[in-house]
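Asks: Here is my input, please return the structure:
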Amino acid sequence: MFVPSGAQFEIHSGDHHATVVEVGGAVRVYDVGARHVLNPFPLDAMCDGSHGTPLVPWPNRLADGRYTWDGTTQQVPLTEPEKHNAIHGFLRWDTWQPRIHEAARVVMGAVVHPQSGYPFALDVAVEYEVGPDGLVVTTTATNVGDADLPYAHGQHPYLSAGDGVLDDCTFEMQAATRVDTDEERQLPTGLEPVAGTPYDFTTRRPLGAMVIDHAFTDLTRDADGRAWMSLGRPDGSFAELWADESYPYLQVYTGDTLAPERQRRGIGSEPMTGPPNAFGSGQQVIRIAPAESVVTRWGARLRLDP
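Replies: Predicted structure coming up:
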């Protein structure tokens with residue numbers, strides 16, 4: 001059987017099970033027992049909606065595919081041509097290699113080689129590990145070239161609605177500010193406090209039919225520096241995602257533009273190190289010097305107690 005997402009790398013620990021794939025280095029499945037924590041994509045289908053993929057060397061949209069770095073303007077291909085944007089970096093369809101594969105852990109690796117629009121060399125290793133703390137994902141990006149390079153990172157998991165759809169779920173996220181975007185190209189137009197708006201999820205409430213595709217920031221963090229989002233499902237369980245302090249943004253996407261059978265079955269829960277159009281605006285782009293690395297970490301879990 002031909003599998004569009006390539007080789008499948010299974011990891012297990014107790015009731016925790018995840019499947020990581022060769023194409024895009026994505027996490028295709030994360031379950032606890034019989035419950036999906038992340039909404040999976042089928043074994044016999046291409047990854048759609050960037051399900052579970054690392055977004056390197058930038059997440060979200062880059063206006064016109066153009067940015068300036070150290071005084072030189074660079075142009076990358078427009079991978080969202082209908083909106084005249086480049087989206088989600090270079091590695092979503094590349095073949096990733098398993099550098100380590102153990103019972104409960106797999107490390108997937110890929111290299112962004114120098115190319116038109118990004119004349120830099122970047123090694124990326126994404127470690128997926130399951131255990132009592134749930135799924136923990138650690139990304140290490142290393143400059144293996146001879147010049148400083150621009151970098152931003154995100155990942156695109158979807159918290160599963162379980163046996164229901166998002167309309168039947170509740171949602172909570174401690175974020176004070178939303179990045180507003182234009183309707184035509186979904187590029188940033190400014191910041192809006194969420195208080196008093198439909199985007200205020202600081203108190204858990206039903207999602208209903210609400211459509212969301214926005215980044216949020218000014219995140220409240222716990223004692224360990226983690227920002228959380230939590231999806232309450234019809235069976236009373238909660239699928240939750242956390243992001244460490246290297247991720248000041250969480251993109252939330254209700255999946256309304258996916259294929260009909262996939263719509264609103266999970267909520268895109270994307271930790272990002274920078275805002276949409278970070279490369280274009282220069283906001284929070286990370287400079288990595290030769291031989292230096294940047295490490296970021298996020299995770300997901302199932303919670304059964306209220």
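
Asks: Count the neighbours of E240 for me.
Replies: Residues near E240, counting by other C-beta atoms under 10 Å, number 20. Using the backbone N, CA and C atoms, a C-beta is placed for each residue, glycine as well.

Asks: From what I see, it and R233 are in contact.
Replies: No: in this structure, E240 is not within contact of R233 by C-beta atoms under 8 Å, at 10.9 Å.

Asks: what about stretch 50-59, how long is it end to end?
Replies: For stretch 50-59, the first-to-last residue distance is 11 Å (C-alpha to C-alpha, to the nearest Å).

Asks: and that stretch, how far from the chain's centre?
Replies: Distance of stretch 50-59 from the chain centroid (C-alpha atoms, centre = their mean, to the nearest Å) equals 6 Å.

Asks: can you tell me which residues contact G236?
Replies: By C-beta atoms under 8 Å, 6 or more residues apart in numbering, the contact list for G236 reads 304, 306.

Asks: and the gap between it and D305?
Replies: 9 Å (C-beta to C-beta, to the nearest Å).

Asks: Then S237?
Replies: 9 Å.

Asks: Wasn't E82 part of a helix?
Replies: Yes: assessed with DSSP: H, G, I helix; E, B strand; the rest coil, E82 lies in a helix.

Asks: From H88, how far off is it?
Replies: Using C-beta to C-beta, E82 is found at 15 Å from H88.

Asks: and if you look at R28?
Replies: 17 Å.

Asks: Please apply the same query to Q283.
Replies: 17 Å.

Asks: before we move on, back to that, if you count surrounding residues, which of S237 and D305 has more?
Replies: When neighbours are counted by other C-beta under 10 Å, S237 and D305 differ, and S237 comes out ahead with 19 against 6.

Asks: which of Q283 and H88 has more neighbours?
Replies: Shown here are Q283 and H88; by other C-beta under 10 Å, H88 has more neighbours (23 against 13).

Asks: Chain neighbours aside, what residue packs nearest to the more buried one?
Replies: Counting by C-beta to C-beta, 6 or more residues apart in numbering, the nearest residue to H88 once its immediate chain neighbours are dropped is L55, at 4.5 Å.

Asks: what's the next secondary structure element after the helix or strand where the one you found lies?
Replies: Using DSSP states H and E, L55 sits in strand 54-55. Heading C-terminal from strand 54-55, the first helix or strand you meet, by DSSP H and E, is strand 61-63.

Asks: could you say what helices and strands that following strand packs with?
Replies: strand 85-87, helix 278-281 (3 or more C-beta pairs under 8 Å, 6 or more residues apart in numbering; DSSP states H and E).
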